[in-house]
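Colleague: Structure for the following, please:
(2 chains)
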2 protein chains.
Amino acid sequence: MHTYLDCIPCFLRQTVDVISTVTDDPLLHEQAVRQALRATAELDFQATTPAAMGQRIHRMIRELSENPDPYRLIKDRSNRIAMTLLPELNRWVSDSPEPFSTALRLALAGNVIDFGVDHYTDVSEQAIRKNLREAMHANISPEAIQSLRSKSLQSRTILYLCDNAGEIVFDRLLIEQLGPEKIIAAVRGGPIINDATLEDARQTGLDKIVPVISNGSDAPGTILEQCSDPFCRAFHKADLVIAKGQGNFESLSSVQTRIFYLLKAKCPVVARHIGCTIGQYMILDGDKNNRHVEPQGNAARKEVYDA
Amino acid sequence: MHTYLDCIPCFLRQTVDVISTVTDDPLLHEQAVRQALRATAELDFQATTPAAMGQRIHRMIRELSENPDPYRLIKDRSNRIAMTLLPELNRWVSDSPEPFSTALRLALAGNVIDFGVDHYTDVSEQAIRKNLREAMHANISPEAIQSLRSKSLQSRTILYLCDNAGEIVFDRLLIEQLGPEKIIAAVRGGPIINDATLEDARQTGLDKIVPVISNGSDAPGTILEQCSDPFCRAFHKADLVIAKGQGNFESLSSVQTRIFYLLKAKCPVVARHIGCTIGQYMILDGDKNNRHVEPQGNAARKEVYDA
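Modeller: Model (predicted):
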């Protein structure tokens, strides 16, 4: 997915929000905004995904603020809260007449813990619980769930691309339903927004269930050219890739391969690109989508499963 | 009022919204956004008001789109709808036990017809009526109204700085209460957003009630250095200046003179600068404010009359 015109004000909005949070120094605020303006002015909108631009902005903010991981406390907190919910959610799944569907809904619900789209995301237990309940009743088409299930049953190896800290606890539920024995999970190669890294996999015990690898990149998505060789091998060898979140969708949606995207459409540009409304939970079959994507990607007719 | 960090994403948001409306050409869209990014990157935030930056952006869009007055149809429509309401509103004032206060509320309500803050402002008769009703019941302090009234009674000459097309119809009601014989009204010197120009004064008959002068500038506010000599003479000679809208406030709030600002606080930055909430109708005594304004202007304790 390329950068749309509507992404430009949002890049600046993110820069202002994040730099104001990580430092009180007005000189650094101004410097960050000017750097973001200059970088955006020179951007090749068609060749750059919003995730790649996010990476540049957050790298610049980490450098200016001399803070290598500004979201570490938020990530710790998200993991902790999600872990306290885990035993209860395990029961939701085991007591459900459709455990796969329930686990999938909970994994989708976890995608709301995202500071890339909304810098002021509420990650209180109360807010997360509200979201989990909503996801349990969201209108997700049974065909979409069934399609993902069949593909996963047919696959001997699945690469599961995680998105955010906290969220990966809910991913555990789905991974257990998919069959941990055939799954490798991948996290970001370095701190970027509140995206999950190896540290988060460790904190939440994901690494006890499946092998967890770093993708070798600090993009808030999966930019294959930046990823490590071991990650790329796993990516190309897997029978099925399951990619969580907008960042993975933005950076991989033009890649022709067997990817299922699971995400909550949180920004108007992504929602318009997909053809859904903001807030919808989406299960997208990358194979089906890519056959229909137009060069501009915008009003492209896509076979999407909408929630 | 200087440019705040939060104004930056908004400049880009405005650029994207306006250029997408005035032309379908994606090359012009991209060109406008890049020009706005470059201009903003070089901006002196402390020395530039948001109104001055708005002027630059809209000049650039008029040039790129080769459309000297992109809002002409919107201005015509706003004037027409407001004029159809005028006889009824005249009765509201004449039937009111407090005609000055009623006319003032209606003039304040008219300030909602502003495409500078929200490019998708609803100027249907229904939306305007809703706003007029709200303004009639808004909590505006009687002291603020009384203070403006006394000042105007003591003044032999009043310069009334208009803001937007459509809105100037509602200004007529207040001007009639203030005493047209001592008033000169001023409008913008050239097309800028939906701000009123001499054409709008003519369309709405304002020029039949009071002398209407152009300020000689196409800024969406009053940047004195850009204004014509006749306007500046009128400005400095007047016993009282009444300035409508955010643009006039942004560009004049650092000027030490007898100005009363009448506006609806429509953007979060202006609301924070003033110390009110978004959507509040404000009557601000410039003299009182300026004594308290801090260099940064932000958390300055100001004696404001809040609505």
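Colleague: A:I259 and A:S251 touch, don't they?
Modeller: No: using Cβ atoms under 8 Å, A:I259 is not in contact with A:S251; the gap is 11.0 Å. Where C-beta positions appear, they are placed from N, C-alpha and C, glycine not excepted.
Colleague: Tell me the secondary structure at A:E176.
Modeller: Assigned with DSSP: H, G, I helix; E, B strand; the rest coil, A:E176 falls in the helix class.
Colleague: ditto for A:Y261
Modeller: strand.
Colleague: what about it, how many residues close to it?
Modeller: Using other Cβ atoms under 10 Å in any protein chain shown, A:Y261 has 23 neighbouring residues.
Colleague: Enumerate the residues of chain A near chain B.
Modeller: The interface of chain A toward chain B, taken as Cβ under 8 Å from any Cβ of the partner chain, is made up of A:5-6, A:8-10, A:12-13, A:16, A:20, A:29-30, A:33-34, A:37-38, A:40-41, A:45.
Colleague: which residues are contacting the helix or strand hosting A:E250?
Modeller: In this assignment (DSSP states H and E), A:E250 forms part of helix A:245-252. By Cβ atoms under 8 Å, 6 or more residues apart in numbering or on different chains, the list of residues contacting helix A:245-252 from outside reads A:1, A:49-52, A:54, A:111, A:114, A:116-117, A:161, A:163-164, A:167, A:195, A:219-224, A:241, A:243, A:259, A:261-263, A:265-267, A:270, A:274, A:284, A:286.
Colleague: Next, the contact list for A:I278, please.
Modeller: Contacts for A:I278 were tallied using Cβ under 8 Å, 6+ apart; they are A:265-268, A:271.
Colleague: if I pick the closest residue to A:Q154 other than its chain neighbours, what's in contact with it?
Modeller: With Cβ to Cβ, 6 or more residues apart in numbering or on different chains as the criterion, A:Q154 has its nearest non-adjacent residue at 7.3 Å, and that residue is A:D239. Residues in contact with A:D239, defined by Cβ under 8 Å, 6+ apart, are A:154-158, A:258.
Colleague: For the residues you listed, which two are the farthest from each other?
Modeller: Using Cβ to Cβ, the two most remote members of the contacts of A:D239 are A:R156 and A:R258, lying 12.4 Å apart.
Colleague: ok, those two, which is more surrounded?
Modeller: Applying other Cβ under 10 Å to A:R156 and A:R258 shows that A:R258 carries more neighbours, namely 16 against 10.
Colleague: Could you pick out the buried ones from the contacts of A:I278?
Modeller: Those of the contacts of A:I278 that meet the buried threshold are A:265-267, A:271, by 16 or more other Cβ atoms under 10 Å in any protein chain shown.
Colleague: ok, those vs A:D207, which is closest?
Modeller: Once Cβ to Cβ is applied, the member of the buried ones among the contacts of A:I278 that ends up nearest A:D207 is A:K266, at 27.4 Å.
Colleague: Skip the chain neighbours and tell me the closest residue to that closest one.
Modeller: Per Cβ to Cβ, 6+ apart, closest to A:K266 is A:V117, 4.3 Å.
Colleague: quick one: the one you found from A:P50, how far?
Modeller: Per Cβ to Cβ, to the nearest Å, A:V117 is found 10 Å from A:P50.
Colleague: So between those two, which is more surrounded?
Modeller: A:P50 (28 against 20).
Colleague: Who are the contact partners of the more buried one?
Modeller: A:1, A:3-4, A:7, A:10-11, A:250, A:269.
Colleague: Would you list the phi and psi of it?
Modeller: phi -60, psi -30 (degrees, to the nearest 10).
Colleague: cool, and A:Q203?
Modeller: The phi/psi pair for A:Q203 (degrees, to the nearest 10) is phi -60, psi -30.
Colleague: Flag the shaky bits of the stretch 201-307 of chain A, pLDDT-wise.
Modeller: Applying pLDDT under 70 to the stretch 201-307 of chain A flags residues A:289-307.
Colleague: So for the helix of greatest length in chain A, what gets flagged as buried?
Modeller: Using DSSP state H, we find that the single longest helix of chain A is helix A:72-95. Neighbour counts over helix A:72-95 (16+ other Cβ under 10 Å) mark A:72, A:74-75, A:77-79, A:81-82, A:85, A:89, A:92-93 as buried.
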